[in-house]
Every structure is written in C-alpha cells, then in structure tokens.
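[1] predicted structure and sequence below. I'll ask about it afterward.
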Amino acid sequence: MLAIPALDLRDGHVVQLIGGDYAHESIRLERPRDVAREWSHYGFHRLHVVDLDAATARGCRAHAALVRAASGGGRPGTTAWC
C-alpha cells in the first residue's frame, strides 16, 4: 500500500475544509513549505497538492510549485499545473 499525504492550499495556507465547504475551515496552517518538509521528515516522498484557488477559478497562485520544491520535488512523476 502506498500512502500519499494531501495538502489543500488556499490563499497561501494549508487548509482543511469541513465537508468540503469553503466557508468552514477546521485547520489553517500558515507555512505550506514547513508542512511539506514535515511530511518529508516522516518519510513521505510524495505529496498530493491541491491549489483550491485555481480549482475555484480564483487564480493560480503557484503554491503547488513552492511546496513541491520545498519537499524535494522535481523527481520523475511530479507535476504542477496552473
């Protein structure tokens, strides 16, 4: 089994939405790069990154690329779109 942690990014922060509702966040972490590094520290070498701003047509803020770079990204099979 392969477990891949997910980071949902909104307004430059890692968030967890309650029931997928954008009006209700249960977690909001200020530093996505630090969160990515922490997952890497725990032995995860892949991250699933969702830019919620781009997904909701609020614009691509390229946070996905920032997190990918901070977590040792750039490996084969990693891609960021905007």
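    Thanks, I have the structure now.
[2] and the nearest residue to residue 56 once chain neighbours are set aside, how many neighbours?
    Distances taken as C-beta to C-beta, 6 or more residues apart in numbering put residue 22 closest to residue 56, at 7.0 Å, once the chain neighbours are dropped. C-betas here are computed from N, CA, C, even on glycine. Other residues within reach of residue 22, judged by other C-beta atoms under 10 Å, total 12.
[3] residue 22 in helix, strand or coil?
    At residue 22 the chain is in strand, as set by DSSP: H, G, I helix; E, B strand; the rest coil.
[4] that one against residue 55, yeah?
    No: when contacts are counted by C-beta atoms under 8 Å, residue 22 is not listed as touching residue 55 (10.0 Å).
[5] which stretches of this structure form helices?
    With DSSP state H, the ranges of helices along the chain come out as 32-41, 52-55, 63-70.
[6] worst average pLDDT in the ones you listed?
    Note on the helices of the chain: helix 63-70 shows the lowest mean pLDDT, a mean of 60.
[7] what sits against the residue nearest to residue 56?
    By C-beta atoms under 8 Å, 6 or more residues apart in numbering, the residues touching residue 22 are 10, 52, 56.
[8] out of those, who's nearest residue 3?
    The nearest member of those to residue 3, counting by C-beta to C-beta, is residue 52 at 21.7 Å.
[9] number of nearby residues for the closest residue to the closest one other than its chain neighbours?
    Nearest non-adjacent residue to residue 52, counting by C-beta to C-beta, 6+ apart: residue 10, 4.3 Å away. Here the count is done by other C-beta under 10 Å, and residue 10 has 20 residues near it.
[10] wait, residue 10 sits on residue 54?
    No: look at residue 10 against residue 54 with C-beta under 8 Å: they stay out of range, at 10.2 Å.
[11] buried set for stretch 7-18?
    Under the neighbour-count criterion of 16 or more other C-beta atoms under 10 Å, stretch 7-18 has 7, 8, 9, 10, 13, 14, 15 buried.
[12] nearest to residue 36, of those?
    Relative to residue 36, the closest of these is residue 7; by C-beta to C-beta it sits at 6.7 Å.
[13] so what's that closest one up against?
    By C-beta under 8 Å, 6+ apart, the neighbours of residue 7 are 14, 32, 35, 36, 39, 47, 48, 49, 50, 67.
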